[in-house]
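**Student:** Next one to model:
(one chain, ligands or ions: 2)
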Amino acid sequence: MPFVLEPLTTEAFAPFGEVIAATESAHSFEINGGTTERFHDLAAVEVDGDARGGISIFRGQAREFPIVIRMLERHPKGSQAFMPLQGRPYLVVVAPNGENDAPNLSQIRLFYATAEQGVNYRSGTWHHPLLALQATSDFLVVDRIGEGHNCDEFFFSDEQVMTIEQNLLVECDGLE
Ligand SMILES: NC(=O)N[C@@H](O)C(=O)O
Ligand code: NI
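**Tutor:** Residues are numbered from 1 along each chain as shown. Ligands and ions are numbered 1, 2, ... in the order given. Presented below is the predicted three-dimensional model:
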C-alpha cells in the first residue's frame, strides 16, 4: 500500500498527539504589557514517575529520496516534541498501535510538516525517527529524561517496507 501524503493538521494528527503552531485557531493572549502574544499550552509534556522533561536539539541530516521506511519506534514512558528551528519542512510518519502491541501498518500515516509546525508525539505513539528534508536541520526537542527503557522499536518485514518517493512532495509543495 503506497503512502498518501497528508497536510499536518490538528484534527488529522489528534490520534497521535498535538501540532505545535502559532495559528489563528490556537488559544493565545497578550502578555508582557502587550508586547508578546502567548500561544498557550499547545501540547502536553508527558513523563513518568521520577523522570523529568528535558530540552535538546536534534541536528537531523537531510534524508535522500526515495526514503525507505523500515521501522517505527515509540516512547512508552513519555512524550516527544519536535519544533523545526531553521525554516525547512520535514516528514512525519506515525501509526496506531495494533495487534500484539505492534504498530498497525495498514493504518500508517505520512504527514508533511511545514517549517512553522512542530509535533508532539503522545507517550506510546508509534513514529519514525526524525525525517529532515532539504538540508541538515536543527529541531528543538522536548522529551523525557530519566532512567529505564523508553524506546520500543518495531522493524518491518521485507514485505512491509515502504518508500517515500520525491514526486509525492512535488504534489504537496502547494501545502506550505
Ligand atoms: N532516539 C531518539 O532520541 N530520537 C527518536 O526518538 C526520534 O523520534 O527521532
Ligand atoms: Ni522518537
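
**Student:** only C-alpha atoms for contact and neighbour calcs from this point on.
**Tutor:** OK.

**Student:** count of neighbours near residue 24?
**Tutor:** Neighbouring residues of residue 24 were enumerated by other Cα atoms under 10 Å; the total is 8.

**Student:** What's the separation between it and residue 39?
**Tutor:** Going from residue 24 to residue 39 by Cα to Cα, to the nearest Å gives 10 Å.

**Student:** do residue 84 as well
**Tutor:** Relative to residue 39, and taking Cα to Cα, residue 84 is found at 17 Å.

**Student:** okay, the two: which has more neighbours?
**Tutor:** The neighbour count for residue 84 versus residue 39, taken as other Cα under 10 Å, is higher for residue 84 (23 against 17).

**Student:** Which residue is the nearest non-sequential neighbour of that one?
**Tutor:** Nearest in space to residue 84, with sequence neighbours left out and distances taken as Cα to Cα, 6 or more residues apart in numbering, is residue 139 at 4.5 Å.

**Student:** thought that neighbour was touching residue 88?
**Tutor:** No - contact between residue 139 and residue 88 fails when scored by Cα atoms under 8 Å: they sit 10.1 Å apart.

**Student:** What helix or strand is residue 168 located in?
**Tutor:** Residue 168 belongs to helix 166-172 when elements are defined using DSSP states H and E.

**Student:** Give me the helices and strands touching that helix, please.
**Tutor:** Using 3 or more Cα pairs under 8 Å, 6 or more residues apart in numbering; DSSP states H and E as the contact definition, the elements that helix 166-172 packs against are strand 5-7.

**Student:** which is the next helix or strand following the strand it packs on?
**Tutor:** The helix or strand immediately downstream of strand 5-7 is helix 10-13, counting by DSSP H and E.

**Student:** which residues are contacting that next one?
**Tutor:** Outside of helix 10-13, the residues that reach it under the criterion Cα atoms under 8 Å, 6 or more residues apart in numbering are 18-19.

**Student:** cool, and stretch 75-87?
**Tutor:** With Cα under 8 Å, 6+ apart, stretch 75-87 has contacts from 20, 44-48, 115-126, 137-144, 150-152.

**Student:** For residue 105, what are phi and psi?
**Tutor:** phi -70, psi -10 (degrees, to the nearest 10).
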